[in-house]
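Engineer: sequence first, then the predicted structure:
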Amino acid sequence: MKSAQEGAAALSPIQQKRGSGLFKKIAKRYDLYLMLLLPIAWYLIFHYGPLYGLQIAFKNFNPAKGIFGSPWEGFTHFERFFDSYYFWRLLWNTVSINLFSLLIAFPIPIMLALLVNEIRNKAFSKWLQNITYIPHFISVVVIVGILNVFLSPTGPINMLIEAFGGTSVRFLESAGWFKTIFISSNIWQNMGWQSIIYIAALSGVNPQLYEAAKMDGASRLRRIWHVSLPGIAPVIVILLILDIGHFMNVGFEKILLMQNNLNLESSDVISTFVYTTGILKGEYSYTAAIGLFNSVINLFLLLMVNRFARKTSETSLW
Amino acid sequence: MSKQQTIRKTSDEKVFDFIVYAIAAIIIIIVLYPLLFIVSASFSDPSKVLNGEVWLLPKGVTLEAYKSILHDDKIWIGYRNTILYTVVGTVINILMTILAAYPLSRPDLPGRNAVMVLITLTMFFGGGLIPTYLLIKDLGMVNTMWALIVPGAIATYNLIVMRTYFQSSIPWELQEAAHIDGCSNWRLLISIILPLSKPILAVMVLFYAVGHWNSFFPALIYLRDEALHPLQLVLREILMISQSVAFDGGGVGLEDQILLAESIKFAVIIVSTLPVLIMYPFVQRHFVKGVMIGSIKG
């Protein structure tokens, strides 16, 4: 009977007024809060717990004294990081890898979706889509394993180079090649999967717009430019913002797996440095500070881009 | 429109179509070639692979690599561990995600927006690697399977996708009617909502399961004991460190050892990826649906 009242209360504003407000509303839905209990506790412990632990970035963490009991240090860890000889290298590598990814890898799924949209033969278009999705399901470890095999001195790529009279290149042990390999293999792995959203958005574009453009004598290339692209522009903006929201963290696991002493010059990024110095060498406070620096820049970029997008295109996350 | 113009137009169309199909064909080749090469190389005589004789089809077909994998205990232990972590992990993921997504999908839940903000914020800012590591350590989860499962119990993105599905695909009137009939929220969830949500549950099981199957980093930092290592860590060792192991092996048949180590690399890639790829044709439709639901902003 209780729930019957509840149903009615939701419908009629008069009854809602009579029922004594928020407290009653909450009491009636206590079982929903019961369901939420475990997830909220989990979020507090595993997401907000580390935020509490972040204070060690300003302390000299001593495992024996714990997070709370360790003495305050102020900004010394940050200063040490900014003054270190590797600071600019880490920052440049982190920024450049992500910037190049954004410039080169971001547009490719859009182009793939536009291509899929232009294929009249539906069966072939399905094949193309399903094949390009496959690499997404392969683990990072295997991807890097495939790269090792393919780019090794005896691998197919070097065989091809030698067949054309070139000398084999030690791709994996070269700092100069690292970023190219990292980004192009990312494209290989993810272009299909990331194109799904754009393909879905393209299927929602009003077909009458294409017809009208055709009537006006627009070529197919012009129709892509003037109808398809504007049709998916809001989706592009949202995904761009989300990508920038993870700007400083992208590809950490893969970079770690691809890293070796010979390519460190261009593969050492902030997140891998935090791992090797923090987890492996135990400099917890120092690397927590570096991690915080990374997150703050990331958040700042996200806020900036979101604001910019809201002002210029009226599409934004919030 | 003159006749000449029409002809020019259709030939333009043809050229355009030709270019579209040509690019599509090139993309298919680029995506498939590395995969086919790995398959062929795994069945080939390793010395032929190293000499660059294998291009597309296997040369000197042999099952040596697969045989030596069969006898490798490490791989079997890794396989067993991964299956265990994937099953237990996915069950916990699904339960936790439902428990969070359903109440948050209810428009009549006071405080819903506050909880959503609490949850969504975690997508954009977190404590980072080191504080998380210290927390897991303090909770005594290091060197247990729980370190791989509990900290990732809910993927916020999946939670939002599931909540969106509950909100948009199950009529609110249906839930109100059930309430009027005296149905409790728990029963509503179990006997009405979940049976109606099979498509999204399938998608979530797949997303989470593939995630567990492919994950290696939590295992790398939290598991010391080799007997607990999942397949991906064993793979990492074989694919990235095994060369030096082969050299250290030394003694007789050094060259054979190196050759075998090379072809084992191809075979383990196949063996570890096969379960996901076998599943793929059956489930890709659902995967795509999942991404689409996610793209409807919740």
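Structural biologist: On my side now, so go ahead. Numbers count the residues shown, from 1 in each chain, chains lettered A, B, ... in the order given.
Engineer: so, low pLDDT: which residues of the stretch 1-150 of chain B?
Structural biologist: Confidence mapping of the stretch 1-150 of chain B against pLDDT under 70 gives the ranges B:1-9.
Engineer: now do 50
Structural biologist: Scanning the stretch 1-150 of chain B for pLDDT under 50 picks out B:1-2.
Engineer: go on, chain A?
Structural biologist: A:1-18.
Engineer: so which residue of it comes closest to chain B?
Structural biologist: A:Pro50 (2.5 Å; Cβ to the nearest Cβ). To be clear about C-beta, it is placed using only N, CA and C from the backbone, and glycine gets the same treatment.
Engineer: ok, now which ones touch that residue?
Structural biologist: Counting by Cβ atoms under 8 Å, 6 or more residues apart in numbering or on different chains, A:Pro50 touches B:Gly126, B:Gly127, B:Gly128, B:Pro131, B:Thr132, B:Leu135.
Engineer: my reading is that the second one lies in a strand. Confirm?
Structural biologist: The one in question is B:Gly127. No - using DSSP: H, G, I helix; E, B strand; the rest coil, the assignment for B:Gly127 is coil, not a strand.
Engineer: relative to A:Ile241, how far out is the residue nearest to it when sequence neighbours are not counted?
Structural biologist: Sequence neighbours aside, A:Pro50 is the residue nearest to B:Gly127 in space, at 2.5 Å (criterion: Cβ to Cβ, 6 or more residues apart in numbering or on different chains). In this view, A:Pro50 and A:Ile241 are 24 Å apart by Cβ to Cβ, to the nearest Å.
Engineer: tell me how far the longest helix seen in chain B lies from the chain's centre.
Structural biologist: The single longest helix within chain B, with elements called by DSSP state H, is helix B:254-295. Chain-centre distance of helix B:254-295: 10 Å, with Cα atoms, centre = their mean, to the nearest Å.
Engineer: in this structure B:Phe16 contacts A:Arg220, no?
Structural biologist: Yes - contact status for B:Phe16 versus A:Arg220: in contact at 5.1 Å, counting by Cβ atoms under 8 Å.
Engineer: quick one, which of these two is more surrounded?
Structural biologist: Set B:Phe16 next to A:Arg220 and count neighbours by other Cβ atoms under 10 Å in any protein chain shown: A:Arg220 wins out with 17 against 14.
Engineer: residues in contact with that one?
Structural biologist: Each residue near A:Arg220 by Cβ under 8 Å, 6+ apart is listed here: A:Glu118, B:Glu13, B:Phe16.
Engineer: how about the secondary structure of the residue of chain A closest to chain B?
Structural biologist: Following three-state DSSP, the label given to A:Pro50 is helix.
Engineer: burial check on the residue lying closest to B:Arg224 once chain neighbours are set aside, number of neighbours?
Structural biologist: Distances taken as Cβ to Cβ, 6+ apart place B:Asn143 nearest to B:Arg224, at 5.1 Å, with adjacent residues excluded. Neighbourhood size, B:Asn143 [other Cβ under 10 Å]: 13.
Engineer: where does B:Asn143 land in three-state SS?
Structural biologist: Strictly by three-state DSSP, B:Asn143 counts as coil.
Engineer: who touches it in this structure?
Structural biologist: Neighbouring residues of B:Asn143 by Cβ under 8 Å, 6+ apart: B:Tyr222, B:Leu223, B:Arg224, B:Asp225, B:Leu228.
Engineer: how many neighbours does the last one have?
Structural biologist: For B:Leu228, the count of nearby residues is 20 (other Cβ under 10 Å).
Engineer: grab the nearest non-local neighbour of it.
Structural biologist: The nearest residue in space to B:Leu228 (Cβ to Cβ, 6+ apart) is B:Asn81, at 6.2 Å.
Engineer: separation between whichever residue of the stretch 51-200 of chain B sits closest to chain A and B:Ile136?
Structural biologist: Relative to chain A, the nearest point of the stretch 51-200 of chain B is B:Gly127 (2.5 Å; Cβ to the nearest Cβ). With distances taken as Cβ to Cβ, B:Gly127 is found 11 Å from B:Ile136.
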